[in-house]
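Asks: Fold the following, please.
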Amino acid sequence: MTVYLFNDQFGICSRNLDLIETPDNAFWTVARRLDLENKLRYTAQRIGFEKGLAVQGELMGPGVQGNPEQLKELEFYVFDVFDIDNQRYLSPWERQTLHTECLVGIKHVPIIDLNTNLSWFESLENLLAYADGASSVCPANTRREGLVFKANQPDGLSFKVISNRFLLSEK
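Replies: Reported below is the predicted structural model:
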């Protein structure tokens, strides 16, 4: 799910579509419940994004990909922020600061470690083993899908390591 403010226009996108607001659209329902439009307007004004910004995250819960986390209601978890003015993604540090100061009340994907160094892993097998584990999002005893690694710099390297246990548990 991406929520954006571009040239004073608020909108919501799924993976491939800019969505029209309808009463039964889960994306818009969550955005209105979390007051995302006003939070993006506040953020743009406070930080000085003239053209705007886009906040990307995961929409999770009932009716979304089988709700493996067994959440009781739809939730939105931020994982990226795009600065439209400067055409760049914020670094993890910048995103965390913006999230804490401006996007109050919006959840962020769990952060396992802010200072992981890839040199800690002797092999791909070690990295895959590190990706295995329980989900940090839900109360249910479910496996996490994997881990995303992001460099602590704007537009830095990022990649996802998918847990083999998660893949093997998929039907």
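Asks: Please count neighbours and contacts with C-alpha atoms only from this point.
Replies: Will do.
Asks: And the strands in this protein, which stretches?
Replies: Listed in chain order, the strands of the chain (DSSP state E) span 2-6, 9-13, 18-19, 52-60, 75-83, 88-89, 107-108, 146-150, 158-162.
Asks: so the first one versus strand 52-60, what angle?
Replies: When you say that, I think you mean strand 2-6. 170 degrees (axes from the mean of the first three to the mean of the last three C-alpha atoms, to 10 degrees).
Asks: List of residues touching strand 2-6?
Replies: With C-alpha atoms under 8 Å, 6 or more residues apart in numbering as the test, strand 2-6 has contacts from 10-15, 31, 36-37, 40-41, 51-57, 84.
Asks: Go ahead and build a ChimeraX selection from the buried members of the residues you listed.
Replies: Selection of buried members from those for ChimeraX, criterion 16 or more other C-alpha atoms under 10 Å:
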select :10,11,12,13,31,36,37,40,41,52,53,54,55,56,57,84
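Asks: Mind putting the strands of the chain into JSON lines with mean pLDDT and distance to residue 127?
Replies: Listed next are the strands of the chain as JSON lines, based on pLDDT from 0 to 100; distance: least, C-alpha to C-alpha, whole Å:
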{"stretch": "strand 2-6", "mean pLDDT": "98", "distance to residue 127": "29"}
{"stretch": "strand 9-13", "mean pLDDT": "98", "distance to residue 127": "32"}
{"stretch": "strand 18-19", "mean pLDDT": "96", "distance to residue 127": "36"}
{"stretch": "strand 52-60", "mean pLDDT": "95", "distance to residue 127": "23"}
{"stretch": "strand 75-83", "mean pLDDT": "94", "distance to residue 127": "21"}
{"stretch": "strand 88-89", "mean pLDDT": "92", "distance to residue 127": "25"}
{"stretch": "strand 107-108", "mean pLDDT": "92", "distance to residue 127": "23"}
{"stretch": "strand 146-150", "mean pLDDT": "86", "distance to residue 127": "10"}
{"stretch": "strand 158-162", "mean pLDDT": "88", "distance to residue 127": "8"}
